[in-house]
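Engineer: here's a sequence, model it:
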Amino acid sequence: MADKDNLDPMQLMRDWFIQSEKMWSDAMTEFMADERVAKSSGRFMQEALHTQRMFSESMGQYLSNLNMPSRGDILDLKDRVSQMEETMNAVLIEMRALRKQADAGSAAAPKKKPTRTKKAAKKS
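Structural biologist: Presented below is the predicted three-dimensional model:
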């Protein structure tokens, strides 16, 4: 009798959920193990990839006819800009190194005062 008075609805829900999940897992494992399912899934993926490739080619042709860039053109442009950014960064790093080297070289040598070419006028 003590067990019926202390029924935990959350525990019952957890037990039901675990049993249900195990049943679904077993059923899906059995379903996916069937060779016919594997073949049909493979065919479906091949058809989907073929459709996507055909759509990309036709969209590229359409954009070309409109004189607009395709996705491939934009990706090529992105690669070129990335290369230019890397080159610019390398040039900036080299310029900073040369500037530091020049500053260090000028700080080591004492600065000379300019020579006076005129003498002050004598007071009488």
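Engineer: domains for the chain, by residue range?
Structural biologist: 15-68, 69-104 (automatic domain parsing).
Engineer: ends of the first one, what's the gap?
Structural biologist: Start and end residues of domain 15-68 are separated by 59 Å (Cα to Cα, to the nearest Å).
Engineer: where does the chain dip in pLDDT?
Structural biologist: Applying pLDDT under 70 to the chain flags the ranges 1-5, 106-111, 124.
Engineer: how about 80 then?
Structural biologist: 1-6, 105-124 (pLDDT under 80).
Engineer: so which bits of the longest helix seen in it are buried?
Structural biologist: In the chain, taking DSSP state H as the definition, the longest helix is helix 71-108. Residues of helix 71-108 classed as buried by neighbour count (16 or more other Cβ atoms under 10 Å): none. For the C-beta atoms, the positions are set from N, CA and C on the backbone; glycine is no exception.
Engineer: which neighbouring elements make contact with it?
Structural biologist: Judged by 3 or more Cβ pairs under 8 Å, 6 or more residues apart in numbering; DSSP states H and E, the packing partners of helix 71-108 are helix 35-65.
Engineer: correct me, but residue 69 touches residue 60?
Structural biologist: No: using Cβ atoms under 8 Å, residue 69 makes no contact with residue 60, being 9.7 Å away.
Engineer: residue 60: neighbouring residues, count only.
Structural biologist: The number of residues packed near residue 60 is 15, by other Cβ atoms under 10 Å.
Engineer: in this structure it contacts residue 72, no?
Structural biologist: Yes: using Cβ under 8 Å, residue 60 is in contact with residue 72, at 6.8 Å.
Engineer: next, show the common contact partners of the two.
Structural biologist: Residues touching both residue 60 and residue 72 (Cβ atoms under 8 Å, 6 or more residues apart in numbering): there are none.
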